[in-house]
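**Q** Got a predicted model here, sequence first, then my questions.
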Amino acid sequence: FDGDLDSGPSSLWVGNKRYRAVLTGWHFRWTEVDKKNRDKKTVSVPVAEVVGVEEGRVEILPQKSVEDTDKDFTVFYVKRSSSGGSYGLLWRLGRIQFSCASRVLRDQWTKHLRTALKTHSPLRPHRLLVFINPFGGKKKGRQIYHSLVAPLFELAGISSHVIVTERANQARDHLLKKDLTGFDGVVCVGGDGMFSELLHGLIGRTQQEAGLCENDPAAALQPCPLHIGIIPAGSTDCVCYATVGVIDPVTSALHIIIGDSQPLDVCSVRQSSARVRYSVSLLGYGFYGDVLAESEKHRWMGPLRYDYSGTVVYLSNRSYSGVVQYLPADPLLSSPRDKTRCLAGCSVCSRSTERLFPHSSDSGSLYSSHFSQFSPGSEGQWVSVEGRFRCISLTCMSSSCARSPLGLSPSAHLADGTGDLVLVWDTHPLGFLKFLHRHTSTQDQFDLPFVEVHRVKAVRFSAPSGREEQEYEEIGGLSGETDEGQREYVDTVSRNGSRQHLAERAVTHEQKTATPFLCGLCCRKSPAVSVWNCDGEILPFTDIVCK
Ligand SMILES: CCCCCCCCCCCCC/C=C/[C@@H](O)[C@H](COP(=O)(O)O)NC(C)=O
Ligand SMILES: Nc1ncnc2c1ncn2[C@@H]1O[C@H](COP(=O)(O)OP(=O)(O)O)[C@@H](O)[C@H]1O
Ligand SMILES: [Ca+2]
């Protein structure tokens, strides 16, 4: 102990057992000194994962208690535990209480540990701006933050400014307009919709300060200096699930504390005159758009509204026509049908980053030159398909969540500059049910004759023009598929041609007409256009260009 960072070894006690503890540059280790026990177990904690060091006997969760003794100190650190089914690891707050021979020794230990912490974890945040959506998910945002997260932030020496939102878009507007100096990051306590607000606020603010117009498709967006931490308190929480691998506020708080970060692909969604939007998880038309629109009427149900609305929309048996154009990504780099799973440190993502941004070594400049890379036609060929779809989904990440543990596209990458486009052509109701059901299991949802998946860099969509729309409404939304040139897919059971398939559909419709309940759902004037679900928000336009 001569002021050097490397301390020990020295004797410490935990209860009545003696330990040898040592602090070398990157690790804090302790081993029980026991003559009978030959295979001594050493616990080794990277300094970067030490959450805090406190004098005395201290307890933080579930309740804070401090016993201010002279010779004791308590070390809190990240402890990994099994995650009960999810693919990520659950992190817990590990706690060990040491007793020293003297107060002097104790003070030396705490001083050295704290110095090591400062030196070896430069990326930790010190001051955070926290937004809580009190109405997200099961409406537990405030409680989750104050009981599970705030005590950890305090322990880690993080000061936070907390804003409980009073209206939608308040967090976004705050990030766009208010003074953000002194903050090292922002935290979202809520679901994917709330995350989306923070994302829009930060991207917008950064462009504003750089003097750029984000609505200009040719603008090269600037990287955001602030990171977003997510404390899951929403309904689907798929950004959290797909990045951390578990939905657990404590795990997420610990990732934030130690300064972990994960870059994400962001998809810009534009319509000529409208303000640009961004999506990181699901951009969905047809089924997922309808489910979102329906579910907004039933917010009071909480997360269950999606299950209820999913059923209602499924029974209403809708499909929509349109033209989808996409720019395929390089098939040599990766494929949506390979069986990889993207995690932190993924090699496909780092190779893509090098290819896309050859002059940048840090992830901070991920956005620069983004748009010049995707100027239409500069790479590959656009592919155009037209027809009637049950749903069209574009997802920049797997979009896994509790409802769908592998996600909409299980092998999508978090930060490879591509998204996966899933086209589900119109099919009979049982086929579509099979597709939906496969999201909940490990069965391949793309291995169906009416489903296509493409790894893409850009997508365009246009709904049919007014005249066609009207025709479709007049015929009640059933016979539109007989139109010349429209692509038809049938499931394996009725593969003998589309004629039989159509006949089946007609019977199904008659049967429904005979059933008042179903009739109420399906024989309503069927709309010709659906809406886009953009990370849980309904877009006010249908024709879009995504990059
Ligand atoms: C009839 C059988 C139904 C089974 C369907 C299972 C498929 C589930 C796939 C879910 C993929 C969700 C992608 C995430 C989207 C979020 O951005 C969004 C908004 O989430 P939030 O409410 O803000 O947490 N949630 C939804 C359901 O649209
Ligand atoms: N105080 C508030 N009152 C009403 N809506 C809010 C408030 N704060 C945020 N919102 C909006 O609520 C929507 C859903 O929030 P989110 O946290 O994603 O919950 P959920 O996952 O249950 O949908 C978001 O689009 C957000 O803009
Ligand atoms: Ca991606």
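**A** Everything's here; your move. Numbers count the residues shown, from 1 in each chain. Ligands and ions are numbered 1, 2, ... in the order given.
**Q** and the stretch 251-400 of the chain, which residues reach ligand 2?
**A** By the rule C-beta under 6 Å from any ligand atom, no part of the stretch 251-400 of the chain lies against ligand 2. From N, CA and C alone the C-beta is placed, and that goes for glycine too.
**Q** so where's the stretch 251-400 of the chain uncertain?
**A** Applying pLDDT under 70 to the stretch 251-400 of the chain picks out residues 359-379.
**Q** What distance do you get for the residue in the stretch 101-250 of the chain that ligand 2 sits nearest to to Arg299?
**A** Nearest residue of the stretch 101-250 of the chain to ligand 2 (C-beta to the nearest ligand atom) works out as Gly191 at 2.2 Å. Distance, Gly191 to Arg299, using C-beta to C-beta, to the nearest Å: 12 Å.
**Q** Looking at the two, which has the bigger crowd around it?
**A** When Gly191 and Arg299 are compared for neighbours, Gly191 comes out ahead with 26 against 10, by other C-beta atoms under 10 Å.
**Q** check contacts around that one.
**A** 133, 136-137, 232-237, 536 (C-beta atoms under 8 Å, 6 or more residues apart in numbering).
**Q** Burial check on Glu67, number of neighbours?
**A** Using other C-beta under 10 Å, Glu67 has 11 other residues around it.
**Q** The residue nearest to it when sequence neighbours are not counted: what's it in contact with?
**A** Excluding its sequence neighbours, the residue lying closest to Glu67 (C-beta to C-beta, 6 or more residues apart in numbering) is Arg57, at 4.1 Å. Residues in contact with Arg57, defined by C-beta under 8 Å, 6+ apart, are 66-67, 69, 72, 74, 97.
**Q** now Val66
**A** 54, 56-59.
**Q** can we see that at 7 Å?
**A** By C-beta atoms under 7 Å, 6 or more residues apart in numbering, the residues touching Val66 are 56, 58.
**Q** Correct me if wrong, but it is in a strand.
**A** Yes - counting by DSSP: H, G, I helix; E, B strand; the rest coil, one finds Val66 located in a strand.
**Q** How much space separates it from His413?
**A** Val66 sits 45 Å away from His413, going by C-beta to C-beta.
**Q** helix, strand or coil for the residue most central in space within the chain?
**A** Nearest to the mean C-alpha position of the chain, by C-alpha atoms, centre = their mean, lies Val239 at 1.0 Å. State at Val239, reduced to three classes by three-state DSSP: helix.
**Q** Would you list the phi and psi of the residue of the stretch 201-350 of the chain found nearest ligand 3?
**A** Residue of the stretch 201-350 of the chain nearest ligand 3, by C-beta to the ion: Asp265 (4.0 Å). In terms of degrees, to the nearest 10, the main-chain angles of Asp265 are phi -70, psi 140.
**Q** Was I right to think it contacts Gly417?
**A** Yes - Asp265 is within contact range of Gly417, at 6.2 Å (criterion: C-beta atoms under 7 Å).
**Q** Tell me the residues that contact both of those two, please.
**A** Shared contacts of Asp265 and Gly417 (C-beta under 7 Å, 6+ apart): none.
**Q** what about the closest residue to Leu343 other than its chain neighbours, how many neighbours?
**A** What sits nearest to Leu343 in space, not counting adjacent residues and going by C-beta to C-beta, 6+ apart, is Gly245, at 7.5 Å. Other residues lying near Gly245 total 19 when counted by other C-beta under 10 Å.
**Q** do the same with Gly25
**A** 10.
**Q** go on, Pro9?
**A** Look at Pro9: counted by other C-beta under 10 Å, it has 15 neighbours.
**Q** My guess is it contacts Ala21. True?
**A** Yes - the pair Pro9 and Ala21 passes the contact test of C-beta under 7 Å, sitting 6.4 Å apart.
**Q** Can you tell me which residues in the chain are near ligand 3?
**A** Counting by C-beta under 5 Å from the ion, the positions of the chain adjacent to ligand 3 are 265, 396, 413, 416, 418.
**Q** Out of those, which is nearest to ligand 1?
**A** Closest to ligand 1, out of all of the residues of the chain next to ligand 3 and judged by C-beta to the nearest ligand atom, is Cys396, at 11.2 Å.
**Q** who's in contact with the closest one?
**A** Cys396 makes contact with 265, 267, 279-281, 419, according to C-beta under 7 Å, 6+ apart.
**Q** Ramachandran angles for Met194?
**A** Per degrees, to the nearest 10, the backbone of Met194 is at phi -70, psi -40.
**Q** What values do phi and psi take at the residue lying closest to it once chain neighbours are set aside?
**A** Excluding the flanking residues, the one nearest Met194 by C-beta to C-beta, 6+ apart is Asn133, at 4.5 Å. Dihedral pair for Asn133: phi -90, psi 110, per degrees, to the nearest 10.
**Q** average pLDDT across stretch 69-82?
**A** Mean pLDDT, computed over stretch 69-82, is 93.
**Q** again, but for stretch 168-184
**A** 97.
**Q** So it, near ligand 2 or not?
**A** Yes - interface with ligand 2: stretch 168-184 contributes 168-169 (C-beta under 6 Å from any ligand atom).
**Q** and the end-to-end length of that stretch?
**A** Stretch 168-184 stretches 24 Å from its first residue to its last (C-alpha to C-alpha, to the nearest Å).
**Q** Okay, buried residues for that stretch please.
**A** Buried residues in stretch 168-184, defined by neighbour count with 16 or more other C-beta atoms under 10 Å: 170-172, 174-176, 180, 183-184.
**Q** Sweet, I'm off.
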